[in-house]
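Predicted model and sequence follow; I will ask about them next.
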Amino acid sequence: MTKHIPVLLDSVMRALGDIAGKTIVDATFGAGGYSRAFLNAGARVIAFDRDPTVATDAKKMCAEFDGRFEFIPRPFSHISDLDGTYDAIVFDLGISSMQIDVPTRGFSFRGNGPLDMRMSGAGVSATELIENTSVDELAQILRDYGDVKKAHILARVIKNAQPKTTFELRDLIHNPHDIAPVFQALRIAVNDEMGELTRALNAVPNLLNCGGKCICVTFHSIEDRIVKNTFREWTTPAGDPRMPTIVSAPFEPIKTVTPPATEIEQNPRARSAHMRGVTKL
Ligand SMILES: C[S@@+](CC[C@H](N)C(=O)[O-])C[C@H]1O[C@@H](n2cnc3c(N)ncnc32)[C@H](O)[C@@H]1O
């Protein structure tokens, strides 16, 4: 299995500044690359991940950084249940290399496995989603979350065939350019990724200390748009008629960063990444 290489970690660390003694929420533990960097820089970390397979690594990290690391095995929308306020909340969105590389998880069209795609292993799988949605709903998912052209025709083909494996789904898609977008769209729907992100971002303003930062690393235009628009609202001065503000506290933008060519060369997963951030004033 490929080891997950953290994307834009140097930029995230630069954006966070000196975090020694600070408390950071790592909303997406994954392989623990970000959490480890925060801990090594002297921070306390509370990490979330909805994937039960990362719990073993998280447990090891608890033992290694006794008292400074806590793991919460839940979806990150549950940050709203946290008490207190924090110095930073960091989201490294999407899926990890471990998830995509294990064919039995059903995330990838490059290996054959059950069409599952559930990060948490619970709830409705991609196969069940296809069974339970109408052609119109499926077409909407393909359009909204994959920008798939001729989504209705493809949705009908998929619905009629009821694929049970990743290769069965892949082989139904005749235009090779549509394969990755269709898989992405189903994954986003199965995991309610945009709902999770929206609910979590809504909770952020009240969870940050003054001077606290929210940093998001995004991997596709749909989640990036949500983060960009949310941060734009937060950083627009109250009373600006062009934008109804949704929070009382003003925020300042942190410069958006994309990976340098050298990082993309070493880690092709980084190629579509954007790091966006805001500081609470
Ligand atoms: C890109 S990886 C994070 C990698 C991590 N930053 C590292 O350096 O190893 C994304 C992780 O976020 C988790 N994840 C995605 N959406 C989530 C959600 N709504 N709630 C909790 N965890 C989520 C996935 O299970 C995956 O493990």
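Yes, it's here. Numbers count the residues shown, from 1 in each chain.

can we go C-alpha only for contacts and neighbour counts from here?
Fine.

For the closest residue to residue 51 other than its chain neighbours, give me its contacts.
Nearest residue to residue 51, sequence neighbours excluded (CA to CA, 6 or more residues apart in numbering): residue 120, at 4.5 Å. Going by CA atoms under 8 Å, 6 or more residues apart in numbering, residue 120 touches 50, 51, 52.

do you know how far the first one is from residue 118?
In other words, residue 50. Separation of residue 50 from residue 118 (CA to CA, to the nearest Å): 10 Å.

One more: the last one?
Taken as CA to CA, the spacing of residue 52 relative to residue 118 amounts to 11 Å.

and what of the second one?
Relative to residue 118, residue 51 is positioned 9 Å away (criterion: CA to CA).

tally of neighbours for residue 260?
11 (other CA atoms under 10 Å).

nope, residue 56 is what I meant
For residue 56, using other CA under 10 Å, the count is 10.

got the residues of the stretch 1-150 of the chain near the ligand?
The stretch 1-150 of the chain comes close to the ligand at residues 4, 6, 28-34, 48-51, 74-76, 92-96, 119, as judged by CA under 6 Å from any ligand atom.

can you give me the strands for the stretch 1-150 of the chain?
Applying DSSP state E, counting those that start in this stretch to the stretch 1-150 of the chain gives strands spanning 23-26, 44-48, 69-72, 86-92.

Next, format these as a markdown table and append mean pLDDT and mean neighbour count.
Converted to a markdown table, those look like this (pLDDT from 0 to 100; neighbours: other CA atoms under 10 Å):
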| stretch | mean pLDDT | mean neighbour count |
| --- | --- | --- |
| strand 23-26 | 98 | 25 |
| strand 44-48 | 98 | 24 |
| strand 69-72 | 98 | 19 |
| strand 86-92 | 98 | 24 |
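
got a markdown table for these, with distance to residue 237 too?
Shown next, in a markdown table, are the strands of the stretch 1-150 of the chain (distance: least, CA to CA, whole Å):
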| stretch | distance to residue 237 |
| --- | --- |
| strand 23-26 | 26 |
| strand 44-48 | 31 |
| strand 69-72 | 35 |
| strand 86-92 | 22 |
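
Next one: residue 179 from the ligand, what distance?
21 Å (CA to the nearest ligand atom, to the nearest Å).
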